[in-house]
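Chemist: sharing a model that was predicted from the sequence below.
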Amino acid sequence: MRADSERHDERMLGRALALASLGIGSAAPNPLVGAVVARGERILGQGFHVRPGERHAEAVALDDVTHRGETALGATLYTNLEPCCHVGRTPPCVDAIARSGISRIVAAMRDPNPKVDGKGFRALRSRGIQVEVGLLRVQAMRLNEGFVKLNRLGVPFVTLKGAMSLDGRIATRSGESKWITSADVRRHARLLRKENEAVLVGIDTVLADNPRLDRRPENRQLPSALLRVVVDSSLRLPRDSRLIRVPGAVVVFCASNAPGSRRRLLESLGVEVVELPRHEGRLDLEAALKWLGARGVSRLLVEGGGETHASFLERGLADRLVLYVAPRILGGRDARPLVGGDGARSVTEAIPLRRVRWARVGDAWMIEGSLGGG
């Protein structure tokens, strides 16, 4: 009997997780949260958090109960994250839950936000509501990995994205990289920008490809543009770059000795220029991540090129890799590799991928896995 009850709770909580994922691309920097109100097998109401400033998932689900002509009295609330107990842009969810008559809550994890972090559960228990925590915790942590990392460490969750030939090249010996992958792959890769609040490239990528780094028309419904970030120690970003011409915020990280005239020019064009200290001869990317974290960025997509990838990997700053492998061979000792830098001295120093997943995308393969950073 208990096993049946646990399976039922898992199904309902799984539904809450699925609802939470509908907020990808719009809820940030708030967490992804879904909620289901049920009495036995019957779902009385459900909802998810759409965007900052709007109602939280629990309130949406409870309103859905009322709109359906039902009552939550004695029902169970399933949610992937601890309900909030503080006043922000919306009232505390614990108050609405207590007023509704909910008798039991099944939650996947605590909220790592210091304003909550167990206080929501304590408030609910103090009002006589049964609280159970931990079911599907791993899935819930992965769904909100950016929110968790930002609250615990003050820096965003970092995903490295790359596209390469079968022999590991991202550009020919002349620097040409358009297009190693097919249009299908490029469309799929652009969806990654929907998951992130900021995208970062090195200046060499900007000079070679002149990218827009924006969300394309298929993602026009998203509430805000990506924060576009360029690592450019000497401020070589051209004034006619598409990054500057396309509307949206642009941040350039530079060294303290970057030319003042270049800084004034870029700032006059609306670019935010931020000086970083150096670390072992390169700009300190840890300082860059802390700056982005203070800005509220919870998920950062790094789109290369090779030296930028190397900097993140060598310093253990990346959490995830998404790699597209095209069915073609570029060849050439001077062709540009996916990862530059000095590289490992021995195979034992190689950086491993964990929880590796493979998928076919058009005529290419996508390889995704977790790195040891963060």
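Modeler: Everything's here; your move.
Chemist: remind me which residues of the stretch 1-150 of the chain are low pLDDT?
Modeler: Counting by pLDDT under 70, the stretch 1-150 of the chain contains low-confidence ranges at 1-2, 87-90.
Chemist: chain center to stretch 113-124: distance?
Modeler: Offset of stretch 113-124 from its chain centre (C-alpha atoms, centre = their mean, to the nearest Å): 24 Å.
Chemist: buried residues in it, which are they?
Modeler: 113, 116, 119, 120, 121, 123, 124 (16 or more other C-beta atoms under 10 Å). Heads up, the C-betas are built off the backbone N, CA and C, glycines and all.
Chemist: going by length in residues, pull out the top helix of the chain.
Modeler: Counting by DSSP state H, the longest helix found in the chain is helix 2-20.
Chemist: tell me what that one is packed against?
Modeler: Applying 3 or more C-beta pairs under 8 Å, 6 or more residues apart in numbering; DSSP states H and E, one finds that helix 2-20 makes contact with strand 34-39, strand 42-48, helix 57-67, strand 76-79, strand 104-107, helix 137-143.
Chemist: from these, which stretch is densest packed?
Modeler: Among those, strand 76-79 has the highest mean neighbour count (mean count of other C-beta atoms under 10 Å), at a mean of 28.
Chemist: residues in contact with that strand?
Modeler: Residues from elsewhere that reach strand 76-79 (C-beta atoms under 8 Å, 6 or more residues apart in numbering): 9, 12-13, 15-16, 33-39, 57-58, 61, 97, 102-108.
Chemist: any regions of the stretch 251-374 of the chain where pLDDT drops low?
Modeler: Within the stretch 251-374 of the chain, the ranges that satisfy pLDDT under 70 run 372-374.
Chemist: which parts of it are strands?
Modeler: Ranges of strands in the stretch 251-374 of the chain, per DSSP state E, counting those that start in this stretch, are 272-276, 278-279, 282-283, 299-302, 320-325, 336-337, 354-361, 364-370.
Chemist: tabulate those in TSV, adding columns for mean neighbour count.
Modeler: TSV is the format used below for these (neighbours: other C-beta atoms under 10 Å):
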stretch	mean neighbour count
strand 272-276	16
strand 278-279	13
strand 282-283	19
strand 299-302	26
strand 320-325	21
strand 336-337	21
strand 354-361	11
strand 364-370	18
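Chemist: before I go, just wanted to say thanks for your time.
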